[in-house]
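Peer 1: Here you go, sequence then predicted model.
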Amino acid sequence: MTLIECIPNFSETKETTLNAIINSIEQFDEVKVLDLHKDIDHNRSVITFIGNENIFKAAYEAIKTASELIDISKHQGKHPRIGSTDVLPFVALKDISEQELIKKVNDLAQKIAKELNIPIYLYEKSAIKENRKNLADIRNQEYLKEPDFGPKENLKAGKTAIGVRDILVAYNINLQTSDIKIANQIAKKIRESDGGLKNIKALGIMLKNRNLAQVSMNLTDYKVTNMEEVFHLVEKLAKENQVEILESELVGLSPKAAMGNMTAEDLKIFNFSEKKILGNNY
């Protein structure tokens with residue numbers, strides 16, 4: 001049976017809005033929501049769901065509901081974003097080729113642009129322009145005048161990046177300090193773009209609600225650099241600043257292998273459960 005994962009990121013944490021989005025997803029047969037992650041400081045939520053071919057209908061309804069209920073022009077939050085549905089990634093899990101998935105995602109992107117009037121940027125493996133493969137490049141060019149599909153602007157819904165990618169592990173480490181400069185310094189030293197670890201994206205974020213500095217990361221290929229390696233390097237750099245790691249956090253799901261040889265307890269993942277392991281849910 002065809003199995004596809006979809007992991008949309010929404011610029012909202014309001015429970016009523018998220019429930020409406022989840023209901024719009026779960027109305028389709030063989031589509032199942034596996035995880036909801038909310039972060040008030042980021043003002044961002046990640047919903048993970050899997051399904052068969054119906055996943056494209058579910059994704060369409062999710063972004064439609066978000067565009068109706070979330071006004072990006074009034075959004076405030078620490079995480080970079082370009083739209084009410086900021087990013088809509090798809091991962092091929094079973095019985096579908098990457099090229100077939102890219103074609104179907106491209107069709108969905110055009111449908112969303114045409115019917116919902118949302119500017120769409122294709123990224124990662126779906127990218128049709130070289131400078132849009134990396135999501136960070138799209139964010140840094142937030143006011144690009146020419147989307148791949150759709151109008152140039154949608155003041156309420158903003159813009160959305162859509163694409164097929166490999167499994168990504170979103171992993172955050174909270175430091176025992178409120179000094180955002182330390183988190184920024186560590187993020188700069190560990191991210192690949194500044195000469196750090198391969199396949200690591202990182203930035204420092206201040207969690208005002210908890211008065212903590214966070215190193216927020218994406219591991220774009222856990223087979224190259226896993227959570228164990230990231231944890232040890234962040235720990236080392238933190239200690240150089242006389243700071244300890246308080247805890248870490250897994251956003252969405254992750255393969256077990258992404259932890260390396262460490263356990264969730266070793267990694268201080270405070271929100272861990274076996275349901276967070278991709279593969280334990282289907």
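Peer 2: That came through fine.

Peer 1: Report how many residues lie close to the nearest residue to residue 172 once chain neighbours are set aside.
Peer 2: Leaving aside its chain neighbours, residue 172 sits nearest to residue 249 (4.4 Å; criterion: Cβ to Cβ, 6 or more residues apart in numbering). (C-beta placed from N, C-alpha, C; glycine too.) By other Cβ atoms under 10 Å, 19 other residues sit near residue 249.

Peer 1: what does the one 4 residues further on give?
Peer 2: Using other Cβ under 10 Å, residue 253 is surrounded by 24 other residues.

Peer 1: need the contact list for it.
Peer 2: Residue 253 is in contact with 34, 35, 48, 276, 277, 278, 281, counting by Cβ atoms under 8 Å, 6 or more residues apart in numbering.

Peer 1: rerun at 10 Å
Peer 2: 5, 7, 34-35, 37, 46, 48, 50, 167, 169-170, 275-281 (Cβ atoms under 10 Å, 6 or more residues apart in numbering).

Peer 1: Likewise for residue 270?
Peer 2: Contacts of residue 270 (Cβ under 10 Å, 6+ apart): 174, 246, 247, 248, 249, 250, 264.

Peer 1: gap between the last one and residue 171?
Peer 2: This points to residue 264. Shown here: residue 264 relative to residue 171, a distance of 12 Å by Cβ to Cβ, to the nearest Å.

Peer 1: from the middle of its chain, how far away would the strand or helix carrying residue 20 be?
Peer 2: For residue 20, the host element (DSSP states H and E) is helix 15-26. A distance of 18 Å separates the centroid of the chain from that of helix 15-26, by Cα atoms, centre = their mean, to the nearest Å.

Peer 1: Sort out which residues of the helix or strand following that helix are buried, please.
Peer 2: Later in the chain than helix 15-26, the nearest helix or strand by DSSP H and E is strand 31-39. Neighbour counts using 16 or more other Cβ atoms under 10 Å place 31, 33, 34, 35, 36, 37, 38, 39 of strand 31-39 among the buried residues.

Peer 1: Just give me the closest of the residues you listed to residue 258.
Peer 2: Of all the buried residues of strand 31-39, residue 35 has the smallest distance to residue 258: 14.9 Å, by Cβ to Cβ.

Peer 1: Counting neighbours, what do you get for the closest residue to that closest one other than its chain neighbours?
Peer 2: On the basis of Cβ to Cβ, 6+ apart, the spatially nearest residue to residue 35 that is not a chain neighbour turns out to be residue 48, at 4.2 Å. Residues lying near residue 48 (other Cβ under 10 Å) number 21.

Peer 1: now swap in residue 126 and tell me
Peer 2: Using other Cβ under 10 Å, residue 126 has 23 other residues around it.

Peer 1: And for residue 188?
Peer 2: 16.

Peer 1: how close does the residue nearest to residue 172 get to residue 269?
Peer 2: 7 Å.

Peer 1: More neighbours: which of residue 264 and residue 171?
Peer 2: Higher neighbour count among residue 264 and residue 171: residue 171, with 28 against 20, using other Cβ under 10 Å.

Peer 1: on that earlier part again, please report how far the residue nearest to residue 172 lies from residue 180.
Peer 2: Counting by Cβ to Cβ, the gap from residue 249 to residue 180 is 17 Å.

Peer 1: Next: residue 30.
Peer 2: For residue 30 relative to residue 180 (Cβ to Cβ), the value is 44 Å.

Peer 1: Helices along the chain, start to end?
Peer 2: Here the chain has its helices, by DSSP state H, at 15-26, 55-69, 98-116, 135-140, 180-190, 227-240.

Peer 1: Thanks a lot, see you next time.
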